[in-house]
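Peer 1: Everything below, folded, please.
(one chain, ligands or ions: 1)
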Amino acid sequence: MQSLTDICSLITSCKKCDLYFSRKKAVCGYGTDKPKLVIIGEAPGAKEDEVGKPFVGRSGNLLNKALNYAGILPKDVYITNSVRCRPKIGKSPKITEIKSCSDYLKKELMILKPLMLVPMGNSAIRSLNVILGTKLGRISELEGSVIFLDEKLIAPQYHPAAILRNPKKMEQFKDNFVKIAEILKNLDNGFSDSVLSNYKIRKINASSSY
Ligand code: URA
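Peer 2: As a prediction, the model looks like this:
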């Protein structure tokens, strides 16, 4: 089995799609190797492309504030992206780019085995659909919900960049992380029907649409 370091070497030398021509640095996942929570963003922005680390710019600041507010500690979190090289300026990654990159996320998830996944935004959801064979819909329908699939929870969130564009959604964004923190605390003794029903967590199969 490959290690996180092996996966990072594959990412930094990747030439699977054209984004490698324009990248300064490919960006690997970052955080503990025993996370309760894996947070999945879209793709590196300008700052991440310079520094080579995920969520070090304005979106990262907002994400850190929300995690602090909810009392979610760095020791429980791994942060990664659906695409590892900066897309064309101002563009979201294409589905072909998401597909080319999805194997890296799949490998990370196989190693990390988190209790919960937090895909932030539509690109992260698309990436999970590729990996898990799900047909999860758009973030505008899924935001704030929690889905139970194959012994893992999926709690989709808006991308922090969308919150920066529309600060009215800020309270909800932070409150969603508070709910995520509560669920994680309740899961310390494993999954139970009471946790699932207390939080109205919806069970689905991989092929279900939501
Ligand atoms: N936005 C993302 O989706 N990922 C990052 O790493 C930074 C900004």
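Peer 1: Check this structure for the residue nearest the ligand and tell me.
Peer 2: In the chain, the residue that lies nearest the ligand is residue 41 (2.8 Å; C-beta to the nearest ligand atom). Heads up, the C-betas are built off the backbone N, CA and C, glycines and all.
Peer 1: leaving aside the residues next to it on the chain, what's closest to that residue?
Peer 2: Distances taken as C-beta to C-beta, 6 or more residues apart in numbering place residue 81 nearest to residue 41, at 4.7 Å, with adjacent residues excluded.
Peer 1: show me what contacts the one you found?
Peer 2: Neighbour list for residue 81: 27, 29, 40-44, 54, 105, 124 [criterion: C-beta atoms under 8 Å, 6 or more residues apart in numbering].
Peer 1: Any chance of these in a markdown table with neighbour count and secondary structure as columns?
Peer 2: Converted to a markdown table, these look like this (neighbours: other C-beta atoms under 10 Å; DSSP: H, G, I helix; E, B strand; the rest coil):
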| residue | neighbour count | secondary structure |
| --- | --- | --- |
| 27 | 28 | coil |
| 29 | 26 | coil |
| 40 | 27 | strand |
| 41 | 27 | strand |
| 42 | 24 | coil |
| 43 | 25 | coil |
| 44 | 28 | coil |
| 54 | 26 | coil |
| 105 | 26 | helix |
| 124 | 28 | helix |
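Peer 1: who in this protein is up against the ligand?
Peer 2: Contact residues (C-beta under 6 Å from any ligand atom) of the chain with the ligand: 41-45, 48, 54-55, 57, 59, 81.
Peer 1: I'd like the next helix or strand past the one helix or strand in the chain whose mean pLDDT sits lowest.
Peer 2: Lowest on mean pLDDT, DSSP states H and E among the helices and strands of the chain sits helix 193-198, with a mean of 85. Moving toward the C-terminus from helix 193-198, the next helix or strand (DSSP states H and E) is strand 202-203.
Peer 1: what pLDDT does the one residue sitting closest to the centre of the chain get?
Peer 2: Nearest to the mean C-alpha position of the chain, counting by C-alpha atoms, centre = their mean, stands residue 40 at 1.3 Å. On pLDDT, residue 40 comes in at 98.
Peer 1: ok, for it, nearest residue in space, not its chain neighbours?
Peer 2: With sequence-adjacent residues excluded and distances taken as C-beta to C-beta, 6+ apart, residue 40 is closest to residue 124, at 4.1 Å.
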